[in-house]
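Novice: everything below, folded, please.
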Amino acid sequence: MKNLKPIIAAKLAALRKSKHLTQAQLADKLGYSDKAVSRWERGDTLPDIDVLYELCSFYGVSLDFLVDENSEVTKDIERNSAAQRGNKIALCTLAITTVWLIATCIVAYINIYSNETRWQIFIWALPASCIVGSMFNHYWGKRKLVALLQSMTMWLFLTAVYIQFLEYNIWMIFIIGVPSQIMIILWQHIKSERLKYKAVNSEDNFDEELI
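Specialist: The predicted model follows:
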């Protein structure tokens with residue numbers, strides 16, 4: 001039976017270098033330790049199937065590519081990866097543009113049939129755009145942006161509520177944002193620590209197998 005460890009290890013190392021990333025930088029992007037990345041690229045251990053899938057998505061390659069010893073990491077793969085990034089950005093931009101198009105249509109409809117200008121609808125389009133951006137970032141983006149997008153969504157939502165009910169002077173609604181912001185930061189910290197613990201725990205299990 002063919003030993004896949006050295007093949008996958010060589011591919012992972014070549015793919016990382018094609019992205020001009022250090023092991024530490026890649027580990028930071030994926031939420032694992034640089035020791036784990038080093039073990040993968042040395043062939044000491046294989047990543048779990050979930051991690052392999054995440055790596056394939058990150059590099060823009062298939063699982064078949066990782067196990068095919070005849071395939072090579074070339075400039076074509078780099079161009080393909082760049083093209084995929086461009087397509088993802090274009091798709092995300094199109095979705096956000098659709099949000100603003102819908103908001104514009106609603107404003108125009110209200111203005112035509114009731115002679116009122118509900119400009120506040122454009123304010124609601126801001127948190128809606130952040131929500132759409134968060135959804136795309138969840139599947140394709142960087143984990144570091146999660147907390148930022150969640151924070152922006154929360155504060156923009158509170159701002160939209162305040163402006164919508166401006167006549168009631170409910171400025172104290174922003175006080176809700178303070179504990180909410182703390183919760184977002186703490187939750188992202190907990191998730192980060194859990195990922196690090198998972199990586200360290202998998203390394204410890206591997207060391208035990210060697211013993």
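Novice: right, and the helix or strand after the lengthiest helix in the chain?
Specialist: When the chain is parsed with DSSP state H, its longest helix is helix 75-114. Later in the chain than helix 75-114, the nearest helix or strand by DSSP states H and E is helix 120-140.
Novice: and that next one, what does it pack onto?
Specialist: Counting contacts by 3 or more C-beta pairs under 8 Å, 6 or more residues apart in numbering; DSSP states H and E, helix 120-140 packs against helix 75-114, helix 144-164. For every residue, glycine as well, the C-beta is placed using N, CA and C.
Novice: what comes up buried for it?
Specialist: 121, 123-134, 136-137, 140 (16 or more other C-beta atoms under 10 Å).
Novice: remind me which residues of the protein are low pLDDT?
Specialist: The model of the chain has pLDDT under 70 over residues 1-2, 71-83, 141-144, 195-211.
Novice: could you chop it up by domain?
Specialist: Using automatic domain parsing, the domain ranges for the chain come out as 5-73, 75-196.
Novice: which of the ones you listed has the highest mean neighbour count?
Specialist: Stretch with highest mean neighbour count among the domains of the chain: domain 5-73 (a mean of 16; mean count of other C-beta atoms under 10 Å).
Novice: picking up where we left off before, so which of the helices and strands packed on helix 120-140 comes closest to Ile176?
Specialist: With respect to Ile176, and counting by C-beta to C-beta, the nearest of these is helix 144-164 at 6.6 Å.
Novice: what's the closest one packed up against?
Specialist: Here helix 144-164 touches helix 120-140, helix 177-210, going by 3+ C-beta pairs under 8 Å, 6+ apart.
Novice: any chance of a markdown table for those helices, columns distance to Leu91?
Specialist: Listed next are the helices and strands packed on helix 144-164 as a markdown table, based on distance: least, C-beta to C-beta, whole Å:
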| stretch | distance to Leu91 |
| --- | --- |
| helix 120-140 | 7 |
| helix 177-210 | 25 |
